[in-house]
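Visitor: kindly generate the corresponding structure for this input.
(chains A, B, C and D, ligands or ions: 6)
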Amino acid sequence: MSTETEVVPPRAKVTEIDTVVIRFVGDSGDGMQLTGTQFADTTALVGNDLATLPDFPAEIRAPAGTLAGVSGYQISFSSRDIKTPGDQPDVLVAMNPAALKTNIGDLEEGGILIVDTDAFTEGNLAKAGCKTNPLKDRSLTGFRVFDIPLTSLTLQAVAEAGLTGRQATRCKNFFALGLVFWLYERPVDYTREWIEKKFKDHEQMAKANTLALLAGYNYADTTEVFTNHFRVRKAQLLPGTYRKITGNEATATGFITAALLSGRPLFYGSYPITPASDVLHELSRFKNYPVKTFQAEDEISAIGAAIGASYGGALGLTGTSGPGVALKSEAIGLAVMTELPLVIANIQRGGPSTGLPTKTEQADLFQAVLGRNGECPVAVVAPATPADCFAMAIEAFRIATRFMTPVFFLSDGYLGNGAEPWKIPPKSELPELDVRFRTEQEGFQPYLRDPKTLARPWAVPGTPGLEHRIGGLEKEDVTGNVSYDPQNHEKMVRLRAEKIARIASDIPRVEVFGKDSGRVLVVGWGSTYGAITSAVEELQEKGRPVSSIHLRYLNPFPANLGDVLRRFEKVLVPELNLGQLSMLIRARYLVDAIGLNKVQGKPFRVSEITRAIEELLRG
Amino acid sequence: MSTETEVVPPRAKVTEIDTVVIRFVGDSGDGMQLTGTQFADTTALVGNDLATLPDFPAEIRAPAGTLAGVSGYQISFSSRDIKTPGDQPDVLVAMNPAALKTNIGDLEEGGILIVDTDAFTEGNLAKAGCKTNPLKDRSLTGFRVFDIPLTSLTLQAVAEAGLTGRQATRCKNFFALGLVFWLYERPVDYTREWIEKKFKDHEQMAKANTLALLAGYNYADTTEVFTNHFRVRKAQLLPGTYRKITGNEATATGFITAALLSGRPLFYGSYPITPASDVLHELSRFKNYPVKTFQAEDEISAIGAAIGASYGGALGLTGTSGPGVALKSEAIGLAVMTELPLVIANIQRGGPSTGLPTKTEQADLFQAVLGRNGECPVAVVAPATPADCFAMAIEAFRIATRFMTPVFFLSDGYLGNGAEPWKIPPKSELPELDVRFRTEQEGFQPYLRDPKTLARPWAVPGTPGLEHRIGGLEKEDVTGNVSYDPQNHEKMVRLRAEKIARIASDIPRVEVFGKDSGRVLVVGWGSTYGAITSAVEELQEKGRPVSSIHLRYLNPFPANLGDVLRRFEKVLVPELNLGQLSMLIRARYLVDAIGLNKVQGKPFRVSEITRAIEELLRG
Amino acid sequence: MPSGVDVKGPKPTRADFATDQTVRWCPGCGDYSILAQVQKVMPNLGVARENIVFVSGIGCSSRFPYYMNTYGFHSIHGRAPTIATGIKVSRPELSVWVVTGDGDGLSIGGNHLIHAMRRNLDIKILLFNNRIYGLTKGQYSPTSEFGKKTKSSPFGTAEQPINPLGVALASECTFVARSVDIDTQHLSSIIERAARHRGTAFIEIYQNCNIFNDGAFEDFVAREVRTDRMIQIEHGKPLVFGKERRKGIRLRGFHPEVVTIGESGVSESDLLVHDETPQEPALAYLLSRMSYPEYPVPVGVFYRADRPRYEEIVEQQSIQATARFGAGSIERLLDSGETYKVT
Amino acid sequence: MPSGVDVKGPKPTRADFATDQTVRWCPGCGDYSILAQVQKVMPNLGVARENIVFVSGIGCSSRFPYYMNTYGFHSIHGRAPTIATGIKVSRPELSVWVVTGDGDGLSIGGNHLIHAMRRNLDIKILLFNNRIYGLTKGQYSPTSEFGKKTKSSPFGTAEQPINPLGVALASECTFVARSVDIDTQHLSSIIERAARHRGTAFIEIYQNCNIFNDGAFEDFVAREVRTDRMIQIEHGKPLVFGKERRKGIRLRGFHPEVVTIGESGVSESDLLVHDETPQEPALAYLLSRMSYPEYPVPVGVFYRADRPRYEEIVEQQSIQATARFGAGSIERLLDSGETYKVT
Ligand SMILES: Cc1ncc(C[n+]2csc(CCOP(=O)(O)OP(=O)(O)O)c2C)c(N)n1
Ligand SMILES: Cc1ncc(C[n+]2csc(CCOP(=O)(O)OP(=O)(O)O)c2C)c(N)n1
Ligand code: SF4
Ligand code: SF4
Ligand SMILES: [Mg+2]
Ligand SMILES: [Mg+2]
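Guide: Ligands and ions are numbered 1, 2, ... in the order given. The predicted model follows:
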């Protein structure tokens, strides 16, 4: 479905700006994720570029009003090409004291702060651990504060819908959304339609939420609280059809596309885990596609079933987060030994152990590349942006089926939950996934390899004459029989390593962003792409001798990586871990890669990277 | 118990030699492991230095006579200090065609070959895939062949014991043992006693086996099959009490000793797996010691219970092999987060996946150091010889309890099953394990750290006033409460890393074997010690500029490792994997470490290492 | 006497068992009520706080230990029974409790639960069954009804739910019971009985997740209908239920049937009499299969037996071995095996 | 018709199902006999070899697939049911068999077994119960007798063994049976019935490990005593056993008792009549608890039910969704959600 919207020309003074960063914060029960998503959807439809950063609390619904219960959603949107949800919000919408307290530190000097004064009760102040009321203690003087009784205004607005007080109160997020829509010249239509669809069986709710939305919008329009509002022009995006998409949605879409392109059904074995569960939720909706999802009893079963499905000829996929990968590692070894195509999606989160389940991190790279018993090589790819999850999901299966190997797909919480506009590729631009089963009996051997890729044949049950047995014991070269022969073992260990190494000649070479050589090369991977590229761009504009590359292939590395690294004096590797890619690069190329490491469950700010680069340039 | 034996002076011509390597090979049912062990035990008692290498088939008892069923036991013994079971046997005792076929390739030119001619039936030749009878086809001309009808001689010898034919046949390994005892001037007494004890409830069996043993001995003594026999003088061992010990026995003994030294009971949680099961078998016998063993339902339960026991104040230990470690990796993360002392013993075997379960390999180093989700550092130690397992087992618990951290103990199949004389240390030479629980309530905080080691207090249930809660979610610094704070997370991640790093100042510096600097430094770890040291010694004697170091601490590395590495022009790292230590060294020190890699399920031959060193010296 | 009993000191109160941590369950969650009952029962047991350990896995329910002012271990998903095993075997004197959820205990952790129960360790297992994954926001669990639509089963599940009590019985558990979050009195009495049982005690507690599976048990636990749709089974008593206690359960061969006392000549003496401690748990098994709406839902102690406890046998073996071989020492240990002297 | 049926082509013979691999079990191992029976039954099923997959874990028993000339997957310890699940769900037309051991299936793999059974996938599970770990050379298993001395329990085990049939019943398995390696006729008939069942079929097969647990079942399976110490249960027939078929099982409340026909007025009509397909498996449960020497050991089909199969429901959901929403395509997929055009 495609929607065309038109902005109602408002009357107040209009200021044009390039880029705005808004953060909605409130209680987990306040619907902040919903508010943010609605704002993002509409923002996409009006043609801005955008990037989002939801921030979930670890608890489902921690006691109302507490610091632990604060849920947030940040969106950056712009008339220009943007790559991150912004370092600091220009606008903070805070629904209660706890939300204000935990977020005010991030607000830009002079930024806009919208608060629900009704929520600043003594009880709520106490729950947030505020000794004084920040609305009164002058601690907010640096900001443009708009203190609005959102709750009572909402209650008035929705009165006619006849909800209970509690239900009515819950509409206040739509009131706030209406306000902000007005402030940034966004139309309310899309959200109105959405409300109607969503609450089609709850007429009262639909009505109340719509009333709240419009009331918020009109309040801003008619009162003089806001003296002006802001215009962010359409971005100069490449022509095409777009869709706002989160990384997890793009991941699911990419995997389904791989199935459609290859003509092989997708089988997803998974056990719920934050932040990967949404991939399961998403995939389980596509029953009219060649997609089967299996919610297993645990992660081991999930991957076991995916391996079984691969063996049966499906695109076997399993998805989880770090602790789940730990459990799957024995079975990954089995897939390596049986040389079956399998994709393991890891939506990384903060570790070690249970760690910070709702936060982002990139600390599972070692686990993906090296975290198994024995010499157990697998391919590893990592998307760079939410929309890139689509392309890399397809790529993961392209490699898996072409080389008959397990492939790790390393996303993370930030990519998975973050959203951006995605230019939908025309079918003609999608890669080919030429997947063939072996059917000829003549000359069949389970471990006879393709001379180029070293892939063994994919011979699936149901094929007459190709009956054979595979398993986790060492295989005899060519025949695939069990073999304990020492020389054969060495040969097979090296063949498996060589097969993965050869993928390097089947993937794109890295491209340098900026000059081809120079003082500093910034090397990134995964979700840091936006922050790194923004930082490097900024410094390049200032004429600094810095370039960057972004690795979407972590094992094997692109063939030209060593050459590129050696053309720069210094190599900086920003990572959301203590230096995992750094170490792999150092070991492989003996290059003194310097780490810029952040392990806070949060993505990099652009400024953190520019600062580090500047320092390196100086030092 | 201690036994004093005396060699009966024999009459035949005696040749003195330094070192002999014998390999016994036969069907899994032929009792080759027993024969080898008896020979080794006696050899230890007569005062030689020795090293052994058992080689088990993967099947319990593959069909008699097949290649898959061949079981072997190699022993090297000497009047000098030896470190390996020998590259090639000088003597091969082969009980059937399959055993001959799979082992003859290893026998030294001109070596002694003893075969049971009775076993060279057409059926057995066919099962072994021999087209012609090797005893007749002149393929054995390079060797000194002694073809003896061992089976029929045994049957004659044991006739009076009145066993069934099948039972009687099974005594032939003792006949062979008797032969070889005579050949190398070993007394039969110890084995006689052993037989009596072992078969004390089977009088007939005891009698028959004794008869066979003596018959073999006498056969050699009285017939003229062997024109001479060999003398290997006592080795010049350091004075002291000795015991022949396998690595797995030494491991178990070391862990129990750690319990006795620390005053804390040992808790061993394990799930059977080759080649680690013997540690479980061994430990489960020591019920009159402060040792509890728990055979869990799987590896996850095994480590979970060990963590629970640690939490309860015991020395929590879990043991397994590579695939089991894979399953434990999530729980290891929990132990890292909860900072409990825990030792994970990995008796490595050939991988990946099920791989080569009965063979040795060193390919789980990456898994130990890096194989988990998140930033999840643990300490890693590795014994160098079977007897060294004792010392390193104690060391593992010393580090675990002193630093409150999980510690990997990386042994392997070769160490575990191999045996050598062990000089029993007097109690006074054992390290101190000063383990203290926190009991003072005043100022107690679960994550308040020792300023030097950064260890948190060990506060066990049952201690009044210290009630507290721990878990896998990120901990707040000092209090140990759950914390999602970004800065705190970074701090804790770095604290955990720093704690492990600090172990470096608590362990010995590496010592260079040979000159302190020079052309080539050979760097080894784990079970390759014997082969590497023998090779380096050999070349040093020839005046080559080569030295070696052997790492028993793999994480952190000894503090002076970088310095030592940089004092040599070239660094060679022999490993039974594709270059795991190499990579860690390259990444850390940016030194161009060169790998010498063998992945055949077998230890290095000394000659393989000398050759590689010579090449490096030349190149 | 339950493990960990320590009669010294003044009797603690319920408040002594509460921690300073803010409880972070959703308002209205059934977990609150269970927490309250456990805290209420604790002082009665005569076990000092420091001798109690609560171990949990991961899930909403598994946050439980944070709120108990005892020792506590919030471990990893499904593995609580293993950690509890290690604690109990190495420290048999402690009172060890496991708190788990239907996902934690029956999905990923099912195997550990089974094996812990068959070992009959003296641990107490509270399984909060809300028939949903709470913490991960609403996927189906192994106890979710067949065909249930959830986030991960938008077209309905395709799996037969598992009966926790059946699993406990198959695992040779020696104390098998069920209760309900909101029936506070029944719940606390069952918890207390479990605590006093010597051996593994398993309690399935129906728990409402008002966010993702609200009203899962409403059909029969709602106050208005509870007496008619649930039945409290009690040792030695006939199976009677209903507002006027006129309904009962009678056996026809292997088939239980609901009857009305006084109708068609049925009298109380025709009813099935509950026996917690039969030789074989066949009756418990049968009762465990009764479900609403065909039957009233039974709560209470289904089965109970006395069998040696794992940790106790292990202790005995140590004592016997020590008596037989003498206590071990470093010297004895190192000198065991065949030693020889080199001079 | 069993899955994978393909009536084309000449009927294969038993030999067609043997591979060229040397069988590597110990001489005398019970596994040989089971292999022979499976190979014997296969041709009767009318399933082409290429449509059959044998999946196993790790253990002596798990080498089974190497000896079947079908597709085969010798996977990792305990995980065979998971791999079988993936195969069956993605390829419902295949005939999928799981071969597992008492350690593989009930120790490390217990949870997968349970969940596969409750999903009622149309797979056939053969559990070789030798009450020992064979491949790892003789440690006790979850079915080893209490107190058994093994390599890892030199002082005897401290754990109650688990009853595989009890686990299967608790897992809502729709075909639960037991047989014995050396009773070849009974075994082959049960295997064939399992093959023809639609849904998960579970067979516990008592298997002698003559190396590490020789004679584990000798007391009742030995040819001389078998008829007196075992009982073949058959649907609709009274429970009679004994050389002269004069002994039987009668029920006293929930308690089965051994009686002699003709003595103390007992006639055949007093005996318990076996019913494989009752509404609830209470009878099967009761029979599963009977053990030697108190009772004869029952073999046969304990319970059987017809319930929708997981893979079938999943298929149906796909068909229905496709009927309702139309088949998916790349264009539809990519353009789903709110799209907008930039020109
Ligand atoms: C290894 C692993 N897999 C998955 C998860 C994610 N996870 C956490 S709790 C949970 C299920 C919770 O359900 P339940 O046990 O029923 O507890 P409830 O929240 O309903 O109380 C899951 C799947 C995890 N933490 N660890
Ligand atoms: C993860 C893992 N843990 C342990 C093992 C070792 N192991 C192989 S088979 C086996 C048990 C075999 O027992 P059972 O399943 O009863 O089969 P049997 O050999 O008796 O037929 C064990 C513990 C393994 N291969 N993998
Ligand atoms: S999600 Fe459900 S189970 Fe979890 S705390 Fe909220 S109401 Fe309770
Ligand atoms: S060890 Fe036992 S189960 Fe394994 S093959 Fe030998 S006899 Fe059979
Ligand atoms: Mg739940
Ligand atoms: Mg077994």
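Visitor: could you export stretch A:519-526 as CSV, CA atoms only?
Guide: Extracted as CSV, the C-alpha positions of stretch A:519-526 are listed here (Å, rounded to 0.1, in the frame of the first residue of the first chain):
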residue,chain,number,x,y,z
ARG,A,519,47.3,9.7,7.3
VAL,A,520,44.4,7.9,8.9
LEU,A,521,42.2,5.1,7.8
VAL,A,522,39.1,4.4,9.9
VAL,A,523,38.0,0.8,9.7
GLY,A,524,34.5,-0.1,10.8
TRP,A,525,32.1,-3.0,10.6
GLY,A,526,28.5,-3.5,11.3
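Visitor: what residue in the stretch 351-500 of chain A comes nearest to chain C?
Guide: Of all residues in the stretch 351-500 of chain A, A:Thr354 sits closest to chain C, at 6.3 Å by Cβ to the nearest Cβ. For every residue, glycine as well, the C-beta is placed using N, CA and C.
Visitor: what about A:Thr227, how many residues nearby?
Guide: 7 (other Cβ atoms under 10 Å in any protein chain shown).
Visitor: the residue lying closest to it once chain neighbours are set aside: how many residues sit nearby?
Guide: With sequence-adjacent residues excluded and distances taken as Cβ to Cβ, 6 or more residues apart in numbering or on different chains, A:Thr227 is closest to A:Lys13, at 6.4 Å. A:Lys13 is flanked by 10 other residues according to other Cβ under 10 Å.
Visitor: roughly how far does C:Pro154 sit from D:Gln317?
Guide: As for C:Pro154, its distance to D:Gln317 is 9 Å (criterion: Cβ to Cβ, to the nearest Å).
Visitor: likewise A:Ser139?
Guide: Distance check for A:Ser139 against D:Gln317: by Cβ to Cβ, it reads 56 Å.
Visitor: using PDB, write out every CA atom in stretch C:73-86.
Guide: In PDB, the C-alpha atoms belonging to stretch C:73-86 read as follows (Å, rounded to 0.1, in the frame of the first residue of the first chain):
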ATOM      1  CA  PHE C  73      21.300 -16.500  42.300                       C
ATOM      2  CA  HIS C  74      19.600 -15.200  39.200                       C
ATOM      3  CA  SER C  75      21.300 -17.500  36.700                       C
ATOM      4  CA  ILE C  76      20.800 -18.200  33.000                       C
ATOM      5  CA  HIS C  77      17.800 -19.400  31.100                       C
ATOM      6  CA  GLY C  78      16.700 -22.900  32.100                       C
ATOM      7  CA  ARG C  79      19.700 -23.800  34.200                       C
ATOM      8  CA  ALA C  80      18.500 -23.000  37.800                       C
ATOM      9  CA  PRO C  81      18.100 -26.700  38.700                       C
ATOM     10  CA  THR C  82      21.800 -27.400  37.800                       C
ATOM     11  CA  ILE C  83      23.000 -24.600  40.000                       C
ATOM     12  CA  ALA C  84      20.800 -25.600  42.800                       C
ATOM     13  CA  THR C  85      22.100 -29.100  42.400                       C
ATOM     14  CA  GLY C  86      25.700 -27.900  42.900                       C
END
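Visitor: any part of it near ligand 5?
Guide: No - using Cβ under 5 Å from the ion, stretch C:73-86 never reaches ligand 5; the gap is at least 11.8 Å.
Visitor: close to chain D, is that stretch?
Guide: No - counting by Cβ under 8 Å from any Cβ of the partner chain, chain D is not contacted by stretch C:73-86; separation bottoms out at 8.8 Å.
Visitor: quick check: mean pLDDT across that stretch?
Guide: Stretch C:73-86 comes out with an average pLDDT of 98.
Visitor: where does the chain have low pLDDT?
Guide: Assuming you mean chain A. Residue ranges of chain A with pLDDT under 70: A:1-11.
Visitor: right idea, wrong chain: chain C
Guide: Ranges of chain C meeting pLDDT under 70: C:1-9.
Visitor: now stretch A:607-619: buried residues?
Guide: Within stretch A:607-619, the residues that qualify as buried are A:Glu608, A:Ile609, A:Thr610, A:Ala612, A:Ile613, A:Glu614, A:Leu616, A:Leu617, counting by 16 or more other Cβ atoms under 10 Å in any protein chain shown.
Visitor: rewinding a little: okay, C:Pro154 and D:Gln317: which has more neighbours?
Guide: Neighbour count, other Cβ under 10 Å: between C:Pro154 and D:Gln317, D:Gln317 has more, with 19 against 15.
Visitor: show me what contacts the residue nearest to that one when sequence neighbours are not counted?
Guide: In space, and not counting its chain neighbours, D:Gln317 is closest to C:Phe155: 4.5 Å by Cβ to Cβ, 6+ apart. Shown in contact with C:Phe155 (Cβ atoms under 8 Å, 6 or more residues apart in numbering or on different chains): A:Ser284, A:Lys287, C:Lys149, D:Gln317, D:Gln320, D:Ala321.
Visitor: can you confirm whether stretch C:330-340 lies near chain B?
Guide: Yes - against chain B, stretch C:330-340 shows contacts by Cβ under 8 Å from any Cβ at C:Ile330, C:Glu331, C:Leu333, C:Leu334, C:Asp335, C:Gly337, C:Glu338, C:Thr339, C:Tyr340.
Visitor: how close does the first one get to B:Arg285?
Guide: If you measure C:Ile330 against B:Arg285 using Cβ to Cβ, the figure is 17 Å.
Visitor: doesn't A:Leu179 lie inside a helix?
Guide: Yes - judged by DSSP: H, G, I helix; E, B strand; the rest coil, A:Leu179 forms part of a helix.
Visitor: circling back to that earlier point, for ligand 3, state which of the residues of stretch C:330-340 next to chain B is nearest.
Guide: Taking Cβ to the nearest ligand atom as the measure, C:Leu333 is the one of the residues of stretch C:330-340 next to chain B closest to ligand 3, at 50.9 Å.
Visitor: which other helices and strands contact the strand or helix carrying the closest one?
Guide: Under the criterion of DSSP states H and E, C:Leu333 resides in helix C:330-335. Helix C:330-335 is packed against strand B:240-246, helix B:247-262, with contacts defined by 3 or more Cβ pairs under 8 Å, 6 or more residues apart in numbering or on different chains; DSSP states H and E.
Visitor: near ligand 3, which residues of chain A are found?
Guide: With the criterion set to Cβ under 6 Å from any ligand atom, chain A comes near ligand 3 through A:Ile60, A:Arg61.
Visitor: before we move on, the earlier item: and ligand 5, which of the buried residues of stretch A:607-619 reach it?
Guide: Among the buried residues of stretch A:607-619, no residue is within reach of ligand 5 (Cβ under 5 Å from the ion).
Visitor: about what we covered before: for the residue nearest to A:Thr227, what are its contacts?
Guide: By Cβ under 8 Å, 6+ apart, the contact list for A:Lys13 reads A:Thr227, A:Asn228, A:His229.
Visitor: how about A:Tyr184?
Guide: Neighbour list for A:Tyr184: A:Val20, A:Ile22, A:His229, A:Phe230, A:Arg231, A:Val232 [criterion: Cβ under 8 Å, 6+ apart].
Visitor: what helix or strand does the residue in the stretch 201-343 of chain C positioned nearest to chain D sit in?
Guide: Of all residues in the stretch 201-343 of chain C, C:Ile313 sits closest to chain D, at 3.7 Å by Cβ to the nearest Cβ. Using DSSP H and E, C:Ile313 sits in helix C:310-325.
Visitor: does A:Phe408 belong to a helix, a strand or coil?
Guide: Following three-state DSSP, A:Phe408 is assigned to strand.
Visitor: what's the neighbour count on C:Lys149?
Guide: Look at C:Lys149: counted by other Cβ under 10 Å, it has 12 neighbours.
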